[in-house]
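Enquirer: I'll drop the sequence and a predicted model, then ask my questions.
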2 protein chains.
Amino acid sequence: MGEDRVLTRRALLVGVGAAGGAGAMFAAMGALGLAPDSQTKDFVPPRPSDFSLSGRAAAKVVILGGGVAGLACAYELGKAGYDCTVLEAADRAGGRNRTVRGGDRLTELDGETQTAEFEEGTYFNAGPGRIAPWMVTLDYCRELGVPIEMFVNNNASAYVYTQGMTAPIRSRTARADLYGYVAELLAKATDAGALNQRLTKDDRERLSEFLRHFGDLGPDLGYNGSTRRGFETYPGVGDGIPIPAPSSLQDVLAAGTGRAITMDFGYEQATPMFQPVGGMDSIVTALVRAVGPDRIRTGTRVTGVKDLPDGVEVTHRGGAFRADYCIATLPPHLLARLPHNLGGPVTAALRTPVPIAAGKLGLEYGRRWWEIDDRIYGGITETDLDITHIWYPSHGYHSRSGLVVGYYNSEENAELYGRLSHGERRDRALTQGKKIHGEKYRSELRSSVSVAWQRQPYIEGGWAVWPSYTGGFTVLQHPAGRVYFAGDWLTRLVAWQAGALESARKVVTDLHSRVLQGTS
Amino acid sequence: MGEDRVLTRRALLVGVGAAGGAGAMFAAMGALGLAPDSQTKDFVPPRPSDFSLSGRAAAKVVILGGGVAGLACAYELGKAGYDCTVLEAADRAGGRNRTVRGGDRLTELDGETQTAEFEEGTYFNAGPGRIAPWMVTLDYCRELGVPIEMFVNNNASAYVYTQGMTAPIRSRTARADLYGYVAELLAKATDAGALNQRLTKDDRERLSEFLRHFGDLGPDLGYNGSTRRGFETYPGVGDGIPIPAPSSLQDVLAAGTGRAITMDFGYEQATPMFQPVGGMDSIVTALVRAVGPDRIRTGTRVTGVKDLPDGVEVTHRGGAFRADYCIATLPPHLLARLPHNLGGPVTAALRTPVPIAAGKLGLEYGRRWWEIDDRIYGGITETDLDITHIWYPSHGYHSRSGLVVGYYNSEENAELYGRLSHGERRDRALTQGKKIHGEKYRSELRSSVSVAWQRQPYIEGGWAVWPSYTGGFTVLQHPAGRVYFAGDWLTRLVAWQAGALESARKVVTDLHSRVLQGTS
């Protein structure tokens, strides 16, 4: 049924395109719900049979950058027989989708090289680490047979730590206290008649009933603590020993835990999230296999792009490459430096997004003390320290060893850590983490690896942010001659792998439509 | 280090016990933190070496009931060489820990038998389905090598459906709206000075800052909807198409979604939770293997228990069994019916807990429409219908088929469904589920199995609840002569497998102490 609909649409579009050119084609796409906004549901990959109606043939495409956007372009175009070649400067495909394992080397722009000393089975997702269920990334996992498992993005047993606290508190405790007091304040204000102008009697009763649940309030509408705060000793044969009563309303508000406990409220971060089994780069491995490793030329640094009347010419360290079309997926700040003939507005647009520093530190321990001592199974401790977060692994539960992410920070904090040597980064992060986990955080460490994305060759940033989604953003949604642009930075999903995939789908759709139309 | 502490404690206790008898022993245990309240952290399993100090030897123990409590008793006592025999009336061990697979038969008390027609790989956890990370159950998974994976207990993409809604709404939407309006009401009341007596200026500023985050409020402190409500079309190359603005405060309060969105606030239900890979009965399988299958006599229905001066005599359908001690782990309402010589107070205590009806329905589908059509990966839809919940599977993501739990209800709703034939239960639940998922909920169904625990032979209830944790509850924490009692019903963790394990640990500790003391 879905298939029929798709064929009909496709046939109609080809007809429109042939008769009315690209403008009419895009207008028709919008009317059919194929405009950018509906990309996920309605993406139709190019297929060999598309050409049977048009009398056209698949083209030769050179793709700059073997990150997820570039690989996805090659994969989707390849389905219809396009002759794609991916030029990648680094010695591996994947870009920021990088999983570090024992023996891997990480070299930064100043030349410092780390070699991961992880034991067999340990891995560190240095780039993307989690996938929301609504993201197209999961569709690729399904299609490519990449097994997924849950990523714990919200763990009531993880900690919240803000400066000024004498000791970290469990996320569940911070939540119980803030919700408890908020519920008390509103329930009492309601009870005192402060909202009578806004609420009917029925509304007030419903609100009060909700607030009692929400805050676990007593019969007097007061918040006096709750078993939701957790137990020092778990209940069982006995009552359990609950965590002592909460601090005052003043102290709870002053502790500043609000950001931490609302962390997963947004659409992007809501529970549950997912990760590929065995490392995020399972997606890269699967894409490379599907594209064909022979189509991906690693160690090939591009030095120039020329748009020609009948094709494109890409120069690289080893020579030149001709094709019918080019898709440029390098980060915009790197593309902006590349000699090209695409015109001033393109250069200006490429210079608009601001590259953002981002860093992560992987800490390998020989004992899963977070599970054994703290009963933390996955999830994230939120802090206002320069490490921002501590991530616990959402896999390998109950195994002997594991890897904790000692920081995942961005902007100023990432710049600060990025300027340090790896050893200095590690020591600084351990000093911070000790405030939460005590001496074992340092003493039980086995090995570590850090990444400062702004210092990674051929990448030079965690992601790139547009000051506004107008101007340059719009310019680069369209090809400059025969050169297309793709990447997460060309979507609203900046810094998400899903953005790279959505952008790839858009460009593939555009390019294929053009080839089917036969307009140059 | 932990080991040294344990040895010292154990040695001390044995000394105290030998000198002062059981009373002094228990007092010393309390002082050492071994009293019931600290059971989880401080449980020390019996070991063969314990006897070298005491001159005593392990005893012969008969255990009534091969559920998780009984198996755990046999497992822990077996570590020190106790000669344990488990008598189980059913033809399988595990009790309520039951995972139904294709070919399995489920017979109810009135004789109706269902045979599961699930395909290879499909399973249905008819009893317990999830484990909180603080529960001792996870320790057994670790110790017994039972792999675990996350159970999604809270999914922002799952639905909330209450009667009177024209269509279900996503959990994230219900949360965004209730939190949004609650934040608005409190922020505006604060702004208007209604809380000036309670809050200082600093407090008010901190509260307002929190409420802006919490409710995603506008600059006017109003809640006007938010991207947290979700998108009809996901953002990507375009903006995405957000779900339309919320209903009025009145309608949101009237919708009654509060219970659903606070479901995981309690200590027992907080995210993340876990499940054994491959089915909850992996725990049973591992316990049976560790105990030794030859020690478990299935199909052996106990008909009487006699406490004797020098041992116990248990009669069963096939004869009689003598041992030094007995641990009775049958449900209390079944034990109460068993002829015994343990005295009136024991009978009265056993009659006190009230058995509660509970039911579950497993619906097998040939297509994972909840993932493909609804982007629901695990989690629970909450309703106020008689089905209460719909559970989506937290495993087998992206595989071809899967099993949805069509109801998990208790008390009146479970009694209602329990009185029906399986076909009637299925049809009723499908009619309810269709209100949420539409016609496919019925049309794509492949097979189904239902369990009504109150109609399961040798079990006759989902769980049993004490009117109060005094009186009978306390009586049965102590042995009646040489007969001990164990089960989740003897803990604060009624209806949780962890309760069965905690109770087993307590009884094993008590019994072993007594044997080491040599008091009869």
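Expert: Received, thanks.
Enquirer: separation between A:Phe105 and A:Gly129?
Expert: Careful, residue A:105 is Arg and not Phe. Using Cβ to Cβ, to the nearest Å, we find A:Arg105 at a distance of 21 Å from A:Gly129. Yep, even glycine has a C-beta here, placed from its N, CA and C like the rest.
Enquirer: so which of those two has more stuff around it?
Expert: Neighbour count, other Cβ atoms under 10 Å in any protein chain shown: between A:Arg105 and A:Gly129, A:Gly129 has more, with 19 against 11.
Enquirer: correct me if wrong: that one contacts A:Trp391.
Expert: Yes: with contact defined as Cβ atoms under 8 Å, A:Gly129 reaches A:Trp391; the gap is 7.2 Å.
Enquirer: give me the common contacts of the two.
Expert: Overlap of the contact sets of A:Gly129 and A:Trp391 (by Cβ atoms under 8 Å, 6 or more residues apart in numbering or on different chains) consists of A:405, A:408.
Enquirer: tell me the secondary structure at the nearest residue to A:Ile169 once chain neighbours are set aside.
Expert: Among residues not flanking A:Ile169 along the chain, A:Val160 sits closest, at 5.7 Å (Cβ to Cβ, 6 or more residues apart in numbering or on different chains). Look at A:Val160: counting by DSSP: H, G, I helix; E, B strand; the rest coil, its state is strand.
Enquirer: chain B contacts on the stretch 201-350 of chain A?
Expert: Taking Cβ under 8 Å from any Cβ of the partner chain as the contact definition, the stretch 201-350 of chain A meets chain B at A:202-203, A:206-207, A:209-211, A:213-214, A:216, A:227-228, A:230-231, A:233-241, A:249-250, A:253-254, A:256, A:258-259, A:262, A:264-267, A:270-272, A:274.
Enquirer: apologies, that question was intended for the stretch 351-500 of chain A.
Expert: Close to chain B, as judged by Cβ under 8 Å from any Cβ, the stretch 351-500 of chain A has residues A:375-379, A:394, A:397-398, A:477, A:490-493, A:498-499.
Enquirer: can you do 10 Å?
Expert: Residues of the stretch 351-500 of chain A lying close to chain B by Cβ under 10 Å from any Cβ of the partner chain are A:368, A:371-372, A:374-379, A:394-399, A:469, A:477, A:486, A:488, A:490-493, A:496, A:498-499.
Enquirer: narrow these to just the buried residues.
Expert: A:368, A:371, A:374-379, A:394-398, A:477, A:486, A:488, A:490-493, A:496, A:498-499 (16 or more other Cβ atoms under 10 Å in any protein chain shown).
Enquirer: take these and keep only those in strands.
Expert: A:Gly379 (DSSP state E).
Enquirer: show me where pLDDT drops low in the stretch 401-520 of chain A?
Expert: The model of the stretch 401-520 of chain A has pLDDT under 70 over residues A:519-520.
Enquirer: ok, the residue in it that chain B sits nearest to - how many residues close by?
Expert: Of all residues in the stretch 401-520 of chain A, A:Glu502 sits closest to chain B, at 3.4 Å by Cβ to the nearest Cβ. Using other Cβ under 10 Å, A:Glu502 has 31 neighbouring residues.
Enquirer: that one: helix or strand, and which one exactly?
Expert: Under the criterion of DSSP states H and E, A:Glu502 resides in helix A:497-517.
Enquirer: C-alpha coordinates for that helix, PDB please?
Expert: The C-alpha coordinates for helix A:497-517 follow below in PDB (Å, rounded to 0.1, in the frame of the first residue of the first chain):
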ATOM      1  CA  GLN A 497      23.800  12.500  13.500                       C
ATOM      2  CA  ALA A 498      20.200  12.600  12.500                       C
ATOM      3  CA  GLY A 499      20.800  16.100  11.000                       C
ATOM      4  CA  ALA A 500      23.500  14.600   8.700                       C
ATOM      5  CA  LEU A 501      21.100  11.900   7.600                       C
ATOM      6  CA  GLU A 502      18.200  14.300   7.000                       C
ATOM      7  CA  SER A 503      20.400  16.700   5.100                       C
ATOM      8  CA  ALA A 504      21.800  13.800   3.000                       C
ATOM      9  CA  ARG A 505      18.200  12.700   2.200                       C
ATOM     10  CA  LYS A 506      17.300  16.200   1.100                       C
ATOM     11  CA  VAL A 507      20.300  16.600  -1.200                       C
ATOM     12  CA  VAL A 508      19.900  13.100  -2.700                       C
ATOM     13  CA  THR A 509      16.300  13.900  -3.400                       C
ATOM     14  CA  ASP A 510      17.200  17.200  -5.100                       C
ATOM     15  CA  LEU A 511      20.100  15.800  -7.100                       C
ATOM     16  CA  HIS A 512      18.100  12.800  -8.300                       C
ATOM     17  CA  SER A 513      15.200  15.000  -9.300                       C
ATOM     18  CA  ARG A 514      17.500  17.100 -11.400                       C
ATOM     19  CA  VAL A 515      19.100  14.100 -13.000                       C
ATOM     20  CA  LEU A 516      15.700  12.700 -13.800                       C
ATOM     21  CA  GLN A 517      14.700  16.000 -15.300                       C
END
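Enquirer: quick one: distance of that helix to the chain centre.
Expert: Distance of helix A:497-517 from the chain centroid (Cα atoms, centre = their mean, to the nearest Å) equals 20 Å.
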